[in-house]
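Novice: missing the sequence, but the structure's below:
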Ligand SMILES: Nc1ncnc2c1ncn2[C@@H]1O[C@H](COP(=O)(O)OP(=O)(O)OP(=O)(O)O)[C@@H](O)[C@H]1O
C-alpha cells in the first residue's frame, strides 16, 4: 500500500495530494500537461522533497516530518520516457546492474516476459526505442522494487512500437504483484492498462477511482474523443467458451450473458470491454429472428437529448450502457426513465 499526503509548491502551482493506493495493479496518474503528474511521482521516488506531508510505502516511512529516505534507499523501480540505459554496458550488463540477488530463474523470467532474450549481447546504441524501453523495464524489475514508477514510458515511441510495448506492459501487469504508478495522458494507455485512475488538475487530485467508474463519470466527458457517441467501459468475467462457434460468453449476471469473439483466457478471467452507444439499439418488444446475438433486458435510466441525436442510458444487470438513437426514434418509442427495454448490442471492443 502506498500512502501519500503531501504539499509542494512548484512555481505558481501548489501540488496537493492525499491518496491511499492499493498494493498491486496499475494506478494511472492522468491529466493535462502541467497538472503535476510527474511532480507527484518524483515525490514518491525521492527525486524531490515535499514542503510538508508524509509518504509511506507498505507501512515504511519514506518521508515524514523527521525523515527523508533518499532515492537509492527507497527500493523503487523507475522507468522514464527515455530508457536511460548505460551505453557502455550490454543489455545483459544493464539488466544485471542493481540486481539484488543473482537468481538466474528470476532473470530468465523477466527476460522471457519482456521478450529480450535475443538482445542480451547487444549494446543500447543498436536497439530500437521500444527495445530500449523493454530493457529499462527489465532492469527496474530485476532490482526487485516494492513499487514500479513509470513516467510516460511510451511517449517517445512511434505508433507501431507503442502498440508492441503496450502488449508487453499488459502481460507484465497481469504477472507481477507489485503496484505500478503509471503517468500518462494517453486515453489508449489508460483503457488498456489502468485498474485505477488518479485524475490530476492544476496540482490537485480531482478524482480517484477505478477506471470503469472514472470512464463512466461526467468528469471524464471532456476526455472522450468521440463527439458523436457515448461509450461505456465495463469489466466482465469469462463464463463460457462456445464449443462450436468461435465465441466467448461473458457474465453480466446469472441470467444475462454477453457474447463476444473468442477470447483465449480461462473461465473467470476478467475482460475489459468498451461498448459504444452507436453499436447499441433499443426495442420495446423482443426482436424475433434477429442476426444480433446480444439482446439483453435493460431499464432506461437517463435520456440525454443532444443537438442531432439522443443518448439513452440503460441499466443492464447493474451495468450502465449507452444507446444512441434518433429524435424520431425517441418520439416513436416514447421512452421514459424506468422503462424496460430490449438492448441490442451489435459490436463490442475488447480492450484487455
Ligand atoms: N522545480 C520547479 N519549479 C517551478 N515549477 C515547477 C517545478 N517543477 C515543476 N514545475 C511546474 O509544475 C507544473 C507541473 O509539472 P509536471 O511536470 O509535474 O506536470 P505533468 O502533469 O507531469 O506535465 P507533462 O504531462 O507535460 O509532463 C508545471 O507547470 C511545471 O512547470
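Specialist: Arrived safely, thanks for sending. Treat the numbers as computed from the prediction; the structure is a model and nothing was measured. Numbering: from 1, shown residues only.
Novice: need the contact partners of the least confident helix or strand in the chain by mean pLDDT.
Specialist: The least trusted helix or strand in the chain, going by mean pLDDT, DSSP states H and E, turns out to be helix 159-175, with a mean of 84. Under the contact criterion CB atoms under 8 Å, 6 or more residues apart in numbering, helix 159-175 has outside partners 25-26, 113-115, 128-130, 133-134, 137, 141, 153-154, 157, 180, 188-189, 192-193, 352. Using the backbone N, CA and C atoms, a C-beta is placed for each residue, glycine as well.
Novice: which ones are touching residue 194?
Specialist: With contact set as CB under 8 Å, 6+ apart, residue 194 has these partners: 26, 27, 28, 30, 182, 211.
Novice: hmm, 7 Å instead?
Specialist: Applying CB atoms under 7 Å, 6 or more residues apart in numbering to residue 194 gives the contacts 26, 27, 28, 182, 211.
Novice: how about the residues of the chain by the ligand?
Specialist: With the criterion set to CB under 6 Å from any ligand atom, the chain comes near the ligand through 10, 11, 13, 31, 33, 34, 35, 36, 37, 38, 39, 185.
Novice: closest one to residue 246 out of those, please.
Specialist: Using CB to CB, residue 185 comes nearest to residue 246 of the residues of the chain next to the ligand, at 36.2 Å.
Novice: for the closest one, give its distance to residue 199.
Specialist: Between residue 185 and residue 199 the computed distance is 11 Å (CB to CB, to the nearest Å).
Novice: what's the answer for residue 157, then?
Specialist: Counting by CB to CB, the gap from residue 157 to residue 199 is 24 Å.
Novice: okay, those two: which has more neighbours?
Specialist: In this comparison of residue 157 against residue 199, neighbours counted by other CB atoms under 10 Å, the higher total goes to residue 199 at 22 against 19.
Novice: now do the more buried one, the pLDDT please.
Specialist: On pLDDT, residue 199 comes in at 95.
Novice: now for it: which residues touch it?
Specialist: For residue 199, the contacting residues are 30, 31, 206, 207, 214, 219, taking CB under 7 Å, 6+ apart as the criterion.
Novice: okay, the fourth one and the ligand: tell me how far apart.
Specialist: Distance of residue 207 to the ligand, given as CB to the nearest ligand atom, to the nearest Å: 15 Å.
Novice: quick one: whichever helix or strand residue 275 is part of to chain centroid distance?
Specialist: With secondary structure defined by DSSP states H and E, residue 275 is part of strand 270-276. When C-alpha coordinates are averaged (CA atoms, centre = their mean, to the nearest Å), strand 270-276 and its chain have centres 12 Å apart.
Novice: name the residues that touch that strand?
Specialist: Contact partners of strand 270-276, identified using CB under 7 Å, 6+ apart, comprise 191, 229, 231-238, 250, 263, 321, 345, 348-352.
Novice: switch to 6 Å and redo it
Specialist: Applying CB atoms under 6 Å, 6 or more residues apart in numbering, the external contacts of strand 270-276 come out as 229, 231-237, 250, 263, 321, 348-352.
Novice: state the pLDDT value of residue 226.
Specialist: Reported pLDDT at residue 226 in the predicted model: 64.
Novice: show me what contacts the residue of the stretch 51-200 of the chain found nearest the ligand?
Specialist: Residue of the stretch 51-200 of the chain nearest the ligand, by CB to the nearest ligand atom: residue 185 (5.4 Å). Not one residue lies near residue 185 by CB under 6 Å, 6+ apart.
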